[in-house]
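# Following is a predicted model, sequence given first.
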Amino acid sequence: MSAMRSLTALVGALAITVLTAAPALAAAVPGPPTGVSALPGNAAVTVSWTAPASSGDSPIVSYSVTANPGNHKAHVGAARRSATVTGLTNGTQYTLTVHATNDAGNSAESAPVTATPVAPSGVPGAPTGVTATAGDTTATVSWTAPASTGATAITSYVVTASPGGRTATVAGSARQATVTGLTNGTAHTFTVRAVNSHGTGPASAPSAAVTPAGVPGAPTNLRLTPGDRRVTVTWTAANANGSPITSSTVTASPGGRTATVSGAGTSATVTGLTNGTSYTFTVRSTNARGTGPASGTSSAVRPGATDAVRRLAGASRIGTAIALSQDRWTGGEATAVVLTRSDGFADALAGAPLASAKGGPLLLTPPSALDAAVRTEIRRVLPAGRTVYVLGGTSAISSAIVSLLRSDGYAVVRYAGADRFATAVEIADRGLGNPETQLLVTGLDFPDALAAGAAAAEIGGAVLLTKGRTLEASTREYLADHPGTRYAIGGHAVDAHPAGISVAGADRYDTAVRVAQRFFSGHRDVGVASGLVFADALPGSVHVADAGGPMLLVGSTMPAVTRGYLESVRASVTTAHVYGGAGAVPEPVLDAVRSAIV
């Protein structure tokens, strides 16, 4: 019995010893989160992660993010995979870790990541996707808003064109703006900037280049050549306005018959007309943008059998100049008028190339008061706002005339020197911009200058005057200061400037022929005027220059040298313009011109 109790006690002791030696195992915590990343913000960092591979012995109940330095914390529930730590210092780099928590405790910290909080820029970012569509002197620009509006909402956008710097500003809600005032025919690119209360953001990348364009302008300077049941119309090309002209159409009135020329052509023949009926014509040009406005209405002409010789004359020298202007220019199409005195030739000798270059007629008026018919013609041919050039000082064209022209709405420019020689220098310098070619003629007489004026207009040169067989100081100084090609027209000019290329004949008629031979070829028109009086030939030299032909001189009879020249160009010349009435160019001389070219 005693032995049994001892055995039981021993077994109990052993059991106690076993239980004491083998305590129970602790519950497991989660594994560390993985795939940790950080996105810096303003005084904050947002951290994202992937859940641990193991949640331990119980579900994860939360995540904690720690940022150091400063031991800043952010806690989120088990369902979240990101958290933002706030209260950080902008510009300081932080190391951030994440751990998971379950009932057993916290996981180990994740692998660390770093991030530096930054303050946002106050201004917006750059717009993107900028495109442009061209219009007539305009472009419509579209864009996408910037990814960042900056610290505050965008209040406006500014679109800028290059070249030129033209801008357009629209509200912050807009995504399109139209820039105006662009130059047609010039390629432009565009940038866009966003604006908020903090200022203007950076420019976008430039758009692709676009070229604004509009419909063509109106053709000008219609000239008519009648034929048998037809009229050929030629004109000065319209402003293409940024897009090449693809065709032009001439329309006759009455009847509405048309003729179309393709491309940049400036001549077309309207057929099927009725001989003897008076017709006027207009021209419209077309480009890729559409059809432009009609030209001014031409003067009237009657198709039919035509005379190759046209006499253009008025009741007086003033009237002849007006008649030439009306023949050459339709209403409102001149770009300038040159005005000179009607009672003397001195200041006008160099005026023909000026009138041709400026695009208008040369008209005559008494020095003290503007002739009423001349004023009417200026108003007909020249729109207000354009320029009248007057030749000579106030004794040639009075201040009262200038004041009256200005009251009619014209700009007035006076070219005047101390004498006729200095006036010619003024015209060459200020009026024509110092062309490289100069034609020298005597300023003591007019005939050589009549022929030289048309030639100078043809080659883009200037007429300078000699004092007979010598050079005045003003002319000599101009020649010294402006090297170029010089022609001495007529014997006196040859003596005054022997270094010039001589173009001189036995007399004034021969000299005019030699000028024609030297400077013109293949021309369809010639001008014929009296070599004995200046008045009709002065405006005539401008008229024939605009037709691309030379000026020939005749006397009371037809000079043999002039007849010979006309016969030599019979194959190309279709029209002779005779300037002045029968008192200037007698009918037998006109008949001789006709027989020479027909």
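Everything's here; your move.
# Is there a neighbour count for Gly564? I'd like the number.
For Gly564, the count of nearby residues is 11 (other C-beta atoms under 10 Å). (Each C-beta comes from the backbone N, C-alpha and C, glycine too.)
# Now the phi/psi pair for it, please.
For Gly564, the backbone dihedrals (degrees, to the nearest 10) come out as phi -60, psi -40.
# That one: what's it in contact with?
Shown in contact with Gly564 (C-beta atoms under 8 Å, 6 or more residues apart in numbering): Val513.
# can you give me the strands for the stretch 151-300 of the chain?
Secondary structure of the stretch 151-300 of the chain (DSSP state E, counting those that start in this stretch): strands at 154-162, 167-171, 176-179, 189-196, 199-200, 220-227, 230-236, 245-253, 258-262, 267-271, 280-287, 290-291.
# what about these, which gets the closest to Gly491?
Minimum separation from Gly491 across these (C-beta to C-beta) falls at strand 220-227, 35.8 Å.
# so which of the strands of the stretch 151-300 of the chain comes closest to Pro559?
strand 220-227 (27.6 Å).
# That closest one versus strand 280-287: what angle between them?
Using axes from the mean of the first three to the mean of the last three C-alpha atoms, to 10 degrees, the direction of strand 220-227 lies 120 degrees away from that of strand 280-287.
# And the strands of the stretch 151-300 of the chain: which comes nearest Ala300?
Closest to Ala300 of the strands of the stretch 151-300 of the chain is strand 280-287 (C-beta to C-beta; 5.2 Å).
# Packing partners of that closest one?
Using 3 or more C-beta pairs under 8 Å, 6 or more residues apart in numbering; DSSP states H and E, the elements in contact with strand 280-287 are strand 220-227, strand 230-236, strand 245-253.
# Put together CSV for the strands of the stretch 151-300 of the chain, with mean pLDDT on each row.
What follows is these, written out as CSV (pLDDT from 0 to 100):
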stretch, mean pLDDT
strand 154-162, 97
strand 167-171, 97
strand 176-179, 97
strand 189-196, 96
strand 199-200, 91
strand 220-227, 89
strand 230-236, 92
strand 245-253, 96
strand 258-262, 93
strand 267-271, 91
strand 280-287, 96
strand 290-291, 96
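# which stretch among those comes nearest Asp591?
strand 220-227 (20.9 Å).
# what pairs with that closest one, and is each one parallel or antiparallel?
Strands that pair with strand 220-227, judged by DSSP bridges, come out as strand 230-236 (antiparallel).
# CA atoms only for the partner strand, dumped as PDB, please.
Extracted C-alpha coordinates of strand 230-236, given in PDB (Å, rounded to 0.1, in the frame of the first residue of the first chain):
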ATOM      1  CA  ARG A 230     -14.700  90.300-130.700                       C
ATOM      2  CA  VAL A 231     -12.900  92.400-128.100                       C
ATOM      3  CA  THR A 232      -9.600  91.400-126.500                       C
ATOM      4  CA  VAL A 233      -9.400  92.600-122.900                       C
ATOM      5  CA  THR A 234      -6.100  92.800-121.000                       C
ATOM      6  CA  TRP A 235      -5.700  93.900-117.400                       C
ATOM      7  CA  THR A 236      -3.300  94.100-114.500                       C
END
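# Mind listing what's buried along it?
Of all the residues in strand 230-236, those buried under the rule 16 or more other C-beta atoms under 10 Å are 230-235.
# name the helices or strands packed onto the host helix or strand of Gln438?
In the assignment (DSSP states H and E), Gln438 maps to strand 437-442. Identification of packing neighbours for strand 437-442 by 3+ C-beta pairs under 8 Å, 6+ apart yields helix 447-459, strand 462-466, strand 485-489, helix 491-496.
# what's the angle between the first one and strand 462-466?
Put plainly, it is helix 447-459. For helix 447-459 against strand 462-466, the angle by the same axes, to 10 degrees is 160 degrees.
# Which residues does the strand holding Gln438 contact?
Under the contact criterion C-beta under 8 Å, 6+ apart, strand 437-442 has outside partners 349, 428, 448-449, 452, 455-456, 459-469, 475, 479, 482, 484-490, 492-493, 496-497, 500.
# do stretch 223-233 as well
Contacts of stretch 223-233 (C-beta under 8 Å, 6+ apart): 222, 234-235, 250, 252, 259, 267-275, 279, 281, 283, 298-299, 301-306, 328, 547, 574-575.
# Would you agree Gly242 is in contact with Ala213?
Yes. The pair Gly242 and Ala213 passes the contact test of C-beta atoms under 8 Å, sitting 3.1 Å apart.
# picking up where we left off before, what's the closest of the strands of the stretch 151-300 of the chain to Gly409?
Per C-beta to C-beta, nearest to Gly409 of those: strand 220-227, 19.9 Å.
# Count residues in the vicinity of Pro361, would you?
Number of residues near Pro361 (other C-beta under 10 Å) recorded here: 27.
# Distance of it relative to Ala348?
According to C-beta to C-beta, to the nearest Å, Pro361 stands 13 Å off from Ala348.
# Just give me the residue right at the centre of this protein.
Nearest residue to the geometric centre of the chain (C-alpha atoms, centre = their mean): Thr183, 4.8 Å.
# circling back: and of the helices and strands packed on strand 437-442, who's closest to Phe421?
Checking the helices and strands packed on strand 437-442 against Phe421 by C-beta to C-beta gives strand 462-466 as the closest, at 4.9 Å.
# mind listing what the closest one pairs with, with the direction of each?
Applying DSSP bridges, strand 462-466 is found paired with strand 437-442 (parallel).
# and Ser299, what does it touch?
Here Ser299 is in contact with 222, 224, 280, 326-327, 330 (C-beta under 8 Å, 6+ apart).
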